Each structure stands twice: as C-alpha cells, then as structure tokens.
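Return atomic coordinates for the entry below.
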Amino acid sequence: MRFVSTAAGAAAVILGGWIAVMRFIPEIGGVKRDDLNKWLAIDTAEVATLAGLSVTAAWRPSYSHVWALAGTALVVGDAALDVSIAKPGPDRDRAIGMAALIEVPSALALGSWTLHRVIKRRRAARAA
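Presented below is the predicted three-dimensional model:
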C-alpha cells in the first residue's frame with residue numbers, strides 16, 4: 001500500500017506542476033487554445049483523484065479501490081482527449097506515443113491492481 005500511496009502522490013504533484021505550466025504557456029504542450037479548458041478540467045480531476053488515492057491508500061486502504069477505479073477511468077479518458085485535441089503532425093504523434101507508452105499502461109496497471117484487491121477482499125470475506 002505504501003508504494004501505491006507514494007506513487008499516486010508523486011504523480012499528482014508532477015501532474016499538478018505540468019498543469020500550472022500548461023495553464024500559462026500552453027504552446028509548450030501543443031494544446032490548442034480552444035481546447036485548453038477541456039484539457040485543464042480533465043487533468044485537474046485526475047490530480048484530485050490521484051491525491052485522493054494517495055491519501056486513502058495510506059490511511060484507509062479499504063476505500064482505496066474506489067479512488068483507483070476513478071483514476072483508471074480518468075487516465076484512459078485523458079489519453080483519448082489528448083489524442084483527439086492534439087494538432088495534426090508531431091503534436092498528435094507525441095500524444096499517441098504518450099498514450100501508448102505511459103497513460104494506457106499505467107491505467108492498466110492501476111486497474112489490474114484494483115481488481116486484484118477487490119477479488120482478494122471478496123475471497124477473504126467468503127472465507128470468514
């Protein structure tokens with residue numbers, strides 16, 4: 001649990017810093033000005049969910065699966081949004097690469113961890 005808590009907290013801090021940079025200098029990330037608010041909304045929700053997962057995984061592990069499932073859905077949604085709003089060309093290629101190499105694998109890892117925890121808890125409840 002400590003690893004998940006630390007990883008989620010670190011991801012929230014890093015993503016929060018990236019949001020701050022993108023809010024004031026959106027040209028760095030290749031986000032069109034028209035789509036900036038959509039991008040900021042989903043990434044802010046993602047930061048809040050990762051922070052919630054970090055806190056619950058450390059202090060209330062029995063509730064962490066709810067935050068983890070929400071985080072999984074938001075990361076997949078963020079990957080789809082990033083690809084769909086990226087400018088054609090190198091920006092879209094970078095968005096596809098980020099989705100394929102970072103966002104989707106991390107969502108799969110988080111989702112499978114959550115599924116493993118839920119199955120483990122249900123088996124323990126049946127045995128008791």
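
what about the most centrally placed residue in the chain, which helix or strand?
Central residue of the chain (CA atoms, centre = their mean): Val75, 3.8 Å from the mean position. For Val75, the element it lies in under DSSP states H and E is helix 64-85.

ok, which stretches of the protein are helices?
Assigned by DSSP state H, the chain shows helices spanning 2-24, 36-59, 64-85, 90-98, 104-127.

For Ala86, list each beta-bridge partner.
Val31 (DSSP bridges).

circling back to that earlier point, any chance of the helices of the chain in TSV, plus mean pLDDT?
Formatted as TSV, these follow (pLDDT from 0 to 100):
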stretch	mean pLDDT
helix 2-24	87
helix 36-59	89
helix 64-85	89
helix 90-98	89
helix 104-127	89
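
re the thing from before, how much space between the residue nearest to the centre of the chain and Ala86?
17 Å (CB to CB, to the nearest Å). C-beta: built from backbone N, CA, C; applies to glycine.

again, but for Val13
24 Å.
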